[in-house]
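> Fold the following, please.
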Amino acid sequence: MYLDGRWWRLDAKAPPEASLPPSRQLDVSLLSERVLGPILGIEDLRTDKRIDFVGGARGLSELKRRVDSGEMAAAFALHPTSLAELFAVADAGEIMPPKSTWFEPKLADGMVSLPLP
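Residues are numbered from 1 along each chain as shown. Down below sits the predicted model:
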């Protein structure tokens, strides 16, 4: 978490229960359920105007810039979702939670095409 000009490491007091669905075990879900909702009152990650997403190459420096400029009050950086986590969510028939589906590198449009019969 970046706040007041400093980076802070946040660790979960307890790991997610193994019985939870895979999507609820993801870092983004833990942040949402344990910090954003109960502490900051951000319940809907898709529509709340107080939250935004910074992905890709902009990364940590962009998070820092947005907080230091006053545009945002705090920023949270998460480890990327692993392929194993993605497959676990898909295998369970779930969809990925909001703010968790940025993957790189992105394929260029038109790079691969397959003629359809």
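> Point out where the protein drops to low pLDDT.
Per-residue confidence for the chain (pLDDT under 70) gives these ranges: 56, 103-117.
> which stretches of it form helices?
27-31, 59-68, 83-91 (DSSP state H).
> Burial-wise, tell me which of those helices comes out on top.
helix 27-31 (a mean of 19; mean count of other CB atoms under 10 Å). Bear in mind the C-beta positions are built from the backbone N, C-alpha and C, glycine included.
> Could you check how many residues crowd around Leu26?
Leu26 has 24 neighbours, counted by other CB atoms under 10 Å.
> Please convert the helices of the chain to CSV, extending it with distance to Pro15.
CSV is the format used below for those (distance: least, CB to CB, whole Å):
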stretch, distance to Pro15
helix 27-31, 9
helix 59-68, 25
helix 83-91, 14
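> closest to Pro97 out of the ones you listed?
helix 27-31 (5.3 Å; CB to CB).
> Dump that closest one to CSV, restricted to CA.
C-alpha atoms of helix 27-31 as CSV (Å, rounded to 0.1, in the frame of the first residue of the first chain):
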residue,chain,number,x,y,z
ASP,A,27,-5.3,-11.5,-3.4
VAL,A,28,-7.7,-9.0,-5.1
SER,A,29,-10.7,-10.7,-3.3
LEU,A,30,-8.9,-10.6,0.0
LEU,A,31,-8.1,-6.9,-0.4
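> Just the strands from the protein, written as ranges.
2-3, 6-7 (DSSP state E).
> Identify the residues contacting the first one?
If I follow you right, that is strand 2-3. Trp8, Leu60, Leu63, Lys64, Val67, Ala73, Ala74, Ala75, Phe76, Ala77 (CB atoms under 8 Å, 6 or more residues apart in numbering).
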